[in-house]
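For reference, the sequence and a predicted model appear below.
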Amino acid sequence: MPTSRQEFSRIFGEIREEFFRFAGNYSKAVRNGADVTGKKIVEAVNTSDRLSDILVGKLISAVRSGVQYAGEEMMKSGMDFAQQMKEKEKKQ
């Protein structure tokens, strides 16, 4: 039978592990979102007819796309985590 100290260590270890997993997923999502934004910006500059208002609109759209992509990545990560926790609980 585990002692309360062992149980605390186990719980703390799981929390620490999940924190690092979340941080890694967040970092990946932001990096991927930035990549999407960069590609959209390059596309906007290359296809611009030099009208500044059109370019600004395309740049705003590019940033919005990157942020949306990062958010979607984090939602997928959260749903994967929830599924893993359900499966883990079923095994116990």
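Arrived safely. Numbering: from 1, shown residues only.

longest single helix anywhere in the chain?
helix 4-47 (DSSP state H).

on contacts alone, who are the packing partners of the helix or strand just after that helix?
Using DSSP states H and E, the helix or strand that follows helix 4-47 towards the C-terminus is helix 52-91. Packing partners of helix 52-91 (3 or more CB pairs under 8 Å, 6 or more residues apart in numbering; DSSP states H and E): helix 4-47. In this view, the C-beta of every residue, glycine as well, is placed from N, C-alpha and C.

now the angle from the helix it packs on to helix 52-91?
On the basis of axes from the mean of the first three to the mean of the last three CA atoms, to 10 degrees, helix 4-47 is oriented at 150 degrees to helix 52-91.

next one: helix 4-47 to chain centre, how far?
For helix 4-47, the gap between its own C-alpha mean and the chain's C-alpha mean amounts to 5 Å (CA atoms, centre = their mean, to the nearest Å).

K39: how many residues sit nearby?
Counted with other CB atoms under 10 Å, residues neighbouring K39 total 13.

so who does it touch?
Each residue near K39 by CB atoms under 8 Å, 6 or more residues apart in numbering is listed here: A62.

And it, how far from A23?
With distances taken as CB to CB, to the nearest Å, K39 is found 25 Å from A23.

in the chain, what spans have low per-residue confidence?
Applying pLDDT under 70 to the chain flags residues 1-2, 48-54, 92.

Contacts only, for Y69.
29, 32-33, 36.

hmm, try it at 7 Å
Taking CB atoms under 7 Å, 6 or more residues apart in numbering as the criterion, Y69 is in contact with 32-33, 36.

List the residues that contact Q68.
Contacts of Q68 (CB under 7 Å, 6+ apart): none.

if you set the cut-off to 10 Å instead, what comes out?
Going by CB atoms under 10 Å, 6 or more residues apart in numbering, Q68 touches 33, 36-37.
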